[in-house]
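Colleague: kindly generate the corresponding structure for this input.
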Amino acid sequence: MLTIKDLHAGYNGLKVLKGIDIMVKPKEIVALIGPNGAGKSTVIKSVFNIANVYSGSIHYHTEDITNLKTHQLMKRGISYVNQGRINFGNLTVEENLLIGADDIHDKNVIQKNLADVYKKFPVLRERKKDLAYGLSGGQQQMLAIGRALMNKPTLLLLDEPSLGLSPLLQKQVFALIAELRTEGIAILIVEQNAKKAIEMADRTYVLEDGKIALMGGKDIVHHEKIKQVYLGGSY
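Modeller: Just a heads-up that it's a prediction; the model follows:
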């Protein structure tokens with residue numbers, strides 16, 4: 001579904017990614033882990049065209065989508081949830097969600113998608129008329145993910161969805177991600193909880209200094225480097 005080949009990317013001439021190859025197959029969860037500054041978020045931002053791609057290619061299915069505009073990517077079924085639960089605080093919950101359906105012109109489809117999001121997140125239905133700035137951290141994350149789902153994506157890009165959440169809310173977010181995969185959505189996720197990312201993902205890539213340092217399935221958790229560096233010597 002998504003194929004990234006020899007990608008060199010960064011910001012304003014600064015090269016962060018130094019020739020990486022990543023693949024996401026349909027209905028897969030693929031995780032990116034690694035230290036801060038390794039380039040994990042830049043991978044996702046490169047796919048969604050909010051980082052500068054200097055060379056290499058990004059293909060979605062058979063189409064080269066390198067440097068396509070973000071609204072064009074959304075029309076192809078790609079949605080992005082950025083780090084930090086960024087919502088529009090001066091808009092209501094429902095107005096925030098409807099922004100995610102901006103490219104859909106059939107009102108019946110919009111209402112169906114909205115009902116589907118409310119079914120996943122009942123608290124958003126309860127607070128649909130409230131301004132978004134008043135939501136808790138967990139509710140803010142639900143709103144950000146819900147807005148991305150309004151477009152009915154087939155590929156969802158998630159940047160640190162559990163960051164700053166309580167253990168209980170993290171568990172709920174990870175359960176949601178697993179549920180989305182069963183609905184046929186492929187997911188590329190940057191996640192700071194390395195242990196949970198590996199458990200959840202079909203395949204995990206470890207980035208260090210803008211390069212792929214390690215790649216594997218769930219058994220990667222037993223690799224000595226993973227145990228010592230990312231799991232504190234345990235597991």
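
Colleague: rest of the way, CA atoms for contacts and neighbours
Modeller: Noted.

Colleague: check which helix or strand His8 maps to.
Modeller: strand 2-11 (DSSP states H and E).

Colleague: what angle sits between the very next helix or strand once past that strand and strand 2-11?
Modeller: The helix or strand immediately downstream of strand 2-11 is strand 14-24, counting by DSSP H and E. Using axes from the mean of the first three to the mean of the last three CA atoms, to 10 degrees, the direction of strand 14-24 lies 170 degrees away from that of strand 2-11.

Colleague: just the buried residues of strand 14-24, please?
Modeller: Neighbour counts over strand 14-24 (16 or more other CA atoms under 10 Å) mark Val16, Leu17, Lys18, Gly19, Ile20, Asp21, Ile22, Met23, Val24 as buried.

Colleague: which strands or helices does it pack on?
Modeller: strand 2-11, helix 40-47, strand 186-190, strand 211-216 (3 or more CA pairs under 8 Å, 6 or more residues apart in numbering; DSSP states H and E).

Colleague: please identify the most buried of the ones you listed.
Modeller: strand 186-190 (a mean of 27; mean count of other CA atoms under 10 Å).

Colleague: after that strand comes which helix or strand?
Modeller: helix 194-200.

Colleague: in that following helix, what's buried?
Modeller: Ala194, Lys195, Ala197, Ile198, Glu199, Met200.

Colleague: doesn't Asn151 make contact with Met74?
Modeller: Yes. If you go by CA atoms under 8 Å, Met74 and Asn151 touch, sitting 7.3 Å apart.

Colleague: more crowded one of those two?
Modeller: Per other CA atoms under 10 Å, whichever of Met74 and Asn151 has more neighbours is Asn151, with 26 against 22.

Colleague: any weak-confidence spans in this protein?
Modeller: 85, 231-235 (pLDDT under 70).

Colleague: contact partners of the longest helix seen in it?
Modeller: Assignment by DSSP state H gives helix 167-182 as the longest helix of the chain. Helix 167-182 is contacted by residues Lys27, Glu28, Ile29, Gly138, Pro161, Ser162, Ile187, Met200 when judged by CA atoms under 8 Å, 6 or more residues apart in numbering.

Colleague: which SS class is the closest residue to Ile44 other than its chain neighbours?
Modeller: Among residues not flanking Ile44 along the chain, Leu157 sits closest, at 6.4 Å (CA to CA, 6 or more residues apart in numbering). Of the three states, Leu157 takes strand under DSSP: H, G, I helix; E, B strand; the rest coil.
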